[in-house]
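Participant: The amino acid sequence is not available; the structure is as follows:
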């Protein structure tokens, strides 16, 4: 991920050099003096590049998507759910206490999410995970609150964040774990979660043996009911 961040910064710097040529002042060659020639004033451009590098690096770190699929991608499949919309199904047998992975998305302060995207795109709440301390959320949806197959990263907290992540697409995280639904009435859950407040991760683990073809279900708690 460090290499990816470095690549984003380098690309951004190259973009500035192309789009802001006026930042570099080239003085005309003078034939009146042997010592005169092309003089380049790089002070302004150096300052711009320094500020831009710091800003881009900060955004790349804070707004990067998180979450990983621990089990092989071939062992699960997304298809129409028995409950509603799309769901996640087992494409192989799973033993009890198998880790599927960690919940995908961008880590954001809950107040910024509630007063921003939630009001503008309420549909995003179907997939945003709220930590139990009510301080942070993990948001796997795009800038319009839609859950796509890959979370590219970005947020409205930083100017140009969505544009940067959508343009370079270097940090994409698979969002299939966000497709896991709550069970139907009288149905049972076969997934439990482990919340790590310090690391800000939500890990999905099988609570029993799950057979090929079964849909995964998890209890999201009363705040999601």
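Facilitator: In hand now; what should we look at? Keep in mind that what you see is a predicted model, and the values were worked out from it rather than measured. Numbering: from 1, shown residues only.
Participant: and stretch 197-214, which residues are buried?
Facilitator: Within stretch 197-214, the residues that qualify as buried by neighbour count (16 or more other C-beta atoms under 10 Å) are 200, 201, 202, 203, 204, 205, 206, 207, 210. Any C-beta I mention is one placed from the backbone N, CA and C, and that applies to glycine too.
Participant: Now do that stretch: everything it contacts.
Facilitator: Stretch 197-214 is touched from outside by 66-67, 89-103, 107, 129, 131-133, 136, 138, 177, 180, 189-196, 216, 218, with contacts defined as C-beta atoms under 8 Å, 6 or more residues apart in numbering.
Participant: pLDDT of it, averaged?
Facilitator: Mean per-residue pLDDT for stretch 197-214: 97.
Participant: Distance across it, terminal residue to terminal residue?
Facilitator: The first and last residues of stretch 197-214 sit 30 Å apart, counting by C-alpha to C-alpha, to the nearest Å.
Participant: before we move on, what about stretch 75-91?
Facilitator: Termini of stretch 75-91 sit 5 Å apart (C-alpha to C-alpha).
Participant: the bottom helix or strand of the protein by mean pLDDT?
Facilitator: Ranking every helix and strand in the chain by mean pLDDT, DSSP states H and E puts strand 25-26 at the bottom, with a mean of 43.
Participant: and which of the buried residues of stretch 197-214 is nearest residue 51?
Facilitator: residue 200 (28.3 Å; C-beta to C-beta).
Participant: okay, now residue 126: neighbour count?
Facilitator: 14 (other C-beta atoms under 10 Å).
Participant: What sits closest to it if chain neighbours are left out?
Facilitator: residue 147 (7.6 Å; C-beta to C-beta, 6 or more residues apart in numbering).
Participant: which other helices and strands contact the top helix by length along the chain?
Facilitator: Scanning the chain for the longest helix, with DSSP state H as the assignment, gives helix 43-62. If contacts are counted by 3 or more C-beta pairs under 8 Å, 6 or more residues apart in numbering; DSSP states H and E, helix 43-62 sits against helix 2-19, helix 161-168.
Participant: From the contact counts, what lies against the helix or strand following that helix?
Facilitator: Heading C-terminal from helix 43-62, the first helix or strand you meet, by DSSP states H and E, is strand 65-66. For strand 65-66, the contact count by 3+ C-beta pairs under 8 Å, 6+ apart identifies strand 105-109 as packing neighbours.
Participant: In the longest helix of the chain, which residues are buried?
Facilitator: Across helix 43-62, burial judged by 16+ other C-beta under 10 Å covers 45, 48, 49, 52, 55, 56, 59, 60.
Participant: List the buried residues in stretch 151-163.
Facilitator: Buried positions in stretch 151-163, judged by neighbour count with 16+ other C-beta under 10 Å: 151, 152, 153, 154, 155, 157, 158, 161, 162.
Participant: low-confidence ranges in this structure?
Facilitator: Within the chain, the ranges that satisfy pLDDT under 70 run 1-42, 44, 222-225.
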